[in-house]
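Undergrad: I'll drop the sequence and a predicted model, then ask my questions.
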Amino acid sequence: MGWRGILGFEYGIVQAPLGPDISGPELVAAVANAGGLGFLRSPDWEDPEHVKNLIRKTRSLTDKPFGVGVVLAFPHKENIRAILEEKVAILQLYWGECSNETVEQAHEAGVKVVPQVCIKNLNQSLIMLYQILAFCNW
């Protein structure tokens, strides 16, 4: 099946969702156009219109799949709603608790959900991974 079959990108190269000012549309589109998987970074505050603009700008630069990373420890509910409305290929979640409802809503919107695992939050990341896999229809 390979990378393309699961997440839709050609090479096993992932550009992480760096700070909101670093992982912009130009970088993400360049990575996607080169066959990798690029991630925008959602801002650390609620600004769904800004998130939608980032996604739309990225789409104007690539027709390849890309994702948006969200730090769950910061305000995020409206930003996630915007990401799901825009039907981004992948929602990446990190550093916080993810509800089953969020995963279900993402999958209903056709958005895949992946956790970013860090050692400090390993238990929390494993719980999130379980939640995601429990609702997968790959």
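TA: Yep, it's here. Numbers count the residues shown, from 1 in each chain.
Undergrad: quick check, central residue of the chain?
TA: For the chain, Leu91 is the residue whose C-alpha lies nearest the centre (C-alpha atoms, centre = their mean; 2.6 Å).
Undergrad: which strand or helix spans it?
TA: Using DSSP states H and E, Leu91 sits in strand 90-94.
Undergrad: now swap in Arg81 and tell me
TA: helix 77-85.
Undergrad: mind listing the strands for the chain?
TA: For the chain, strands defined by DSSP state E occupy the ranges 14-15, 37-41, 67-71, 90-94, 112-115.
Undergrad: out of these, which is closest to Ala30?
TA: strand 37-41 (7.4 Å; C-beta to C-beta). C-beta here means a position set from N, CA and C on the backbone, and glycine is covered the same way.
Undergrad: strand partners (parallel or antiparallel) of that closest one?
TA: Pairing partners of strand 37-41, with direction, according to DSSP bridges: strand 14-15 (parallel), strand 67-71 (parallel).
Undergrad: mind listing what's buried along that strand?
TA: For strand 37-41, the neighbour count (16 or more other C-beta atoms under 10 Å) marks 37-41 as buried.
Undergrad: do the same with stretch 84-100
TA: Neighbour counts over stretch 84-100 (16+ other C-beta under 10 Å) mark 84, 86, 88-95, 98 as buried.
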